[in-house]
Structure formats: structure tokens, C-alpha cells
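[1] Sequence and predicted structure are below.
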Amino acid sequence: MTSYSLSVCAEMVFLDLPFIERVKRISQLGFGVEIWNWANKDIDALATTGARFTSMTGYLSGNLTDDRQIAALLSSAQQSLAVAQRLNCPALNLHGTGLDDKGLPVEPVEVVSGAMWLKARQTLSQLAAMGEKAGKVFTLENLNTAVDHPGTPFAKASDTLALVEAVNSPALKMNLDFYHAQIGEGNLIELLKRSASAIGEIQVADVPGRYQPGTGEINYRAIARVLNEIDYRGVVALEGWALGDSVEALEQFRDCFSL
């Protein structure tokens, strides 16, 4: 018996189905559901699916470090909180900067200055205060810059951990994405143990290819054992493509995390 629950990102599986049908299918298989950009979704229809939503993107535009962009980030985060209330979704996901529809930074950054770190901490503190007031948690996701998201600031899990610990709020946690961490940092089990108290969610996919666990080089069964050892009680979400049939991919994911 595991202490955590499993969820699946509806953006990346059952791609032959309309989005609402993907959500329903994932829910019928016993998983929670995660979504990305809510602005292009029928929120009323999503709310009637009966799905258990575990995470959604927590902003539409903006970044953590530029005053003009910070205003856009905070404004769209407030809108996102209202949508999260409608979907009864507890977690809203953030990145080190705004990403375009290809996952690339809207404004790439080559060097992150000390002033940018301080501004990011200040912005995240504001977001945490908004989340705490609404009874929601913002999660800051690590990304990899070598394959998927070049030019993203605050991309490593060590960066997101540092910012979360600096803000020190129950309404700001890490979204520890093991796919990105394997590409960017490795040493995943030690990273998990070091980050344990700061984690609000865990996302998984295998390397290479970003497919379901069990298709690549990451020993997800070993990670599952450590999650039980540290009594992790949050969500483990598949944010990866289905290699082969989507139902079989989700069952492979479930099997990797069923001890």
C-alpha cells in the first residue's frame, strides 16, 4: 500500500480523443487528472466530468523577474486561482519564466544575476500569499535546458529548491519533475531525499523520449520505494507521452509505483 496518489496529464495521452474525453478516460481508469493552459479549455465541461483534478498551470503570461512581466504573472495567477476553485484543483504549477506553445522561454535568459534571484524570491512570496489566501498551493517546476527548454532561468531542481526554501511558505512548494532532473542533474534518489520537505508534487516520465516509466533508464521502482520510506503523501503524476497504447502506458505507470 502506497502513501501517495497517482495522476496523469491529459495533454499527453489519448491524443486521438477530444480533450474532455481524455479527462473522462483517465478518471475512469482511477487516476487523478492534470491540465496545462486552462484558457483554451471548456472549464464548465471539465467541472462536470467528475474527475479529480490535481494540478493545472497557474499563470497565462509573465515571468518572475521583470516588473512589467511580474504584473502580468500576478494578474493571470489570480485568474488561475479562480479557475482552480471551480475545478476544486489544489495545486497550480509555475515555471522559471513564461513558456510559448513549444515549451520555449518567451524571453530566454543566458545568465541569471543575483538581482534576478532576489526579484524571483519576492515575486514567489507574493504568489504564495495569494495561494495561501485562496487555500491553494503554487508549485515551482524544474525543467531541463539541454533538450526541451533551453534558455529557461531557475531551471534546475536545485534552483527551485533554493527559491522554495527561501520563500518558506506552505503555499509554495516544488514540483519535482524527475524526467527533467535526470537530464539536468541526475542523482535522483539523493535529490528526492534532500528535497522531501519542500515537495508539493512529483512528475515522472522516462529518459530518453519522455515516455511512461519503465521504457527508459530511470529506476522508478527504486524511487517508489524511497517515496514510501519518506512517507510522501502527495501526488505522483505522469507527465509523459504514451509509448504504444495509452491504456497500456498508464497501467505500466501504475505498476511502477505499486509496491
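    The structure has been received and is ready for your questions.

[2] which residues touch stretch 188-201?
    Stretch 188-201 is contacted from outside by 54-55, 91, 93, 137, 139, 157-158, 161, 164-165, 173-176, 178, 181-182, 185, 218, 222-223, 226-227, 230, 232, 234-235, 237, using Cβ atoms under 8 Å, 6 or more residues apart in numbering. All C-beta atoms are positioned from the backbone trio N, CA, C, and that covers glycine.

[3] Please apply the same query to stretch 111-122.
    Contacts of stretch 111-122 (Cβ under 8 Å, 6+ apart): Leu64, Thr65, Ile70, Gly96, Val109, Pro153, Phe154, Leu163, Ala166, Val167.

[4] if I've got this straight, the fourth one is in a strand?
    No. With the criterion set as DSSP: H, G, I helix; E, B strand; the rest coil, the secondary structure at Gly96 is coil rather than a strand.

[5] pLDDT score for Gly244?
    In the prediction, the pLDDT value recorded for Gly244 is 97.

[6] quick one on the thing from earlier: of the contacts of stretch 188-201, which count as buried by neighbour count?
    54-55, 91, 93, 137, 139, 157, 161, 164, 173-176, 178, 181-182, 185, 218, 223, 227, 232, 234-235, 237 (16 or more other Cβ atoms under 10 Å).

[7] hmm, back to that, next, give me the two most distant ones among the contacts of stretch 111-122.
    Val109 and Val167 (20.1 Å; Cβ to Cβ).

[8] who has more neighbours, the two?
    Val167 (23 against 17; other Cβ atoms under 10 Å).

[9] returning to what we had before: so which of the contacts of stretch 111-122 belong to helices?
    Ile70, Leu163, Ala166, Val167 (DSSP state H).

[10] Give me the distance between the third one and Glu185.
    Per Cβ to Cβ, to the nearest Å, Ala166 is found 19 Å from Glu185.

[11] can you check the first one too?
    Distance of Ile70 to Glu185, computed by Cβ to Cβ: 27 Å.

[12] Report how many residues lie close to Leu74.
    Counted with other Cβ under 10 Å, Leu74 comes out at 15.

[13] Wasn't it part of a strand?
    No. Counting by three-state DSSP, Leu74 is not found in a strand; it is helix.

[14] Which residue, neighbours along the chain excluded, lies closest to it?
    Gln126 (6.2 Å; Cβ to Cβ, 6 or more residues apart in numbering).

[15] again with Ala249
    Ala242 (3.6 Å).

[16] Ok, Gly131 next?
    Ala171 (3.7 Å).

[17] thinking the one you found is in contact with Glu132, fair?
    Yes. Using Cβ atoms under 8 Å, Ala171 is in contact with Glu132, at 3.9 Å.

[18] The two: which has the busier surroundings?
    Ala171 (22 against 15).

[19] so what's the more buried one up against?
    Leu127, Ala128, Ala129, Met130, Gly131, Glu132, Lys136, Val137, Phe138.

[20] Most neighbours among those, which one is it?
    Phe138 (28 neighbours).

[21] State the distance from it to Val112.
    Distance from Phe138 to Val112, by Cβ to Cβ: 20 Å.

[22] Where does pLDDT dip in the stretch 51-200 of the chain?
    By pLDDT under 70, the stretch 51-200 of the chain has no low-scoring segment.
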